[in-house]
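Chemist: what's the 3D shape of this:
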Amino acid sequence: MTSKSKKVVLGVVVCLIALIGILGATGPKHTHAESSIVINHPIGQVFAYIQMLKNGEQWSPWAKMDPNMKMDYHGQDGAAGNSVSWDGNFSVGSGTQTMTAIDPNKRIDYRLDFTRPMKGTATAYFTTEKTPDNQTKVTWGMDSENVTFMSRFMARAMNCQNMMEKVFAEGLGNMKAILEKPAQ
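Modeler: This next block holds a predicted model:
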């Protein structure tokens, strides 16, 4: 390698390190992602479906990303305090989702504890609203604090808000298709 080539490589490395530093330093300290859809069913039916964690296996985008993902359920499904732990490939990682609060036909709150590929916590929720046509508007959202340099870097570099909103929209679309499917 010539002296000129070494200088070019060194310049590229310095620029990459500087870019990582800038992205990590300027990355968002908080990420909020949210998507909504209207489902052609009464609020009580939609809420009851969402409330059951095991139903997530039918519509969750992560279930499609890793059909071999291991899921372990704990507690009474549909009740506050129940949880599901998952362990999957790199795309889905591993962690635990715990239902922390239920406001019937209005809101369900969760705590997410991620263990892989990166450790972290977040809160997530579903809200339901009755529409004038006796349909249900469902909103799926998540909030996370990006407290470390690496989490701020990842939030900026991967545009986590946009990525999560697309995943939520896909999941809500799957849920809508299942709930609106004609009875057989």
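
Chemist: after the lowest-mean-pLDDT helix or strand in the chain comes which helix or strand?
Modeler: Each helix and strand of the chain was given a mean pLDDT (mean pLDDT, DSSP states H and E); the minimum falls on helix 149-157 at a mean of 54. Going down the chain from helix 149-157, the next helix or strand is helix 160-180, by DSSP states H and E.

Chemist: packing partners for that next one?
Modeler: strand 30-39, helix 43-51, helix 56-59, helix 61-65, strand 136-145 (3 or more CB pairs under 8 Å, 6 or more residues apart in numbering; DSSP states H and E). To be clear about C-beta, it is placed using only N, CA and C from the backbone, and glycine gets the same treatment.

Chemist: For residue 112, find the nearest of these.
Modeler: Of all those, it is strand 136-145 that lies closest to residue 112, at 7.5 Å by CB to CB.

Chemist: thought residue 59 was touching residue 170?
Modeler: No. The pair formed by residue 59 and residue 170 falls short of the contact definition of CB atoms under 8 Å, at 9.2 Å.

Chemist: higher neighbour count, these two?
Modeler: Taking other CB atoms under 10 Å, residue 59 and residue 170 do not tie; residue 59 has more neighbours (20 against 15).

Chemist: mind checking pLDDT for the spatially closest residue to residue 37 that is not a sequence neighbour?
Modeler: Spatial nearest neighbour of residue 37, chain neighbours left out: residue 172 (4.1 Å); criterion: CB to CB, 6 or more residues apart in numbering. Looking at residue 172, its pLDDT stands at 95.

Chemist: Show me where this structure dips below the pLDDT cut-off.
Modeler: Within the chain, the segments meeting pLDDT under 70 span 4-30, 145-162, 184.
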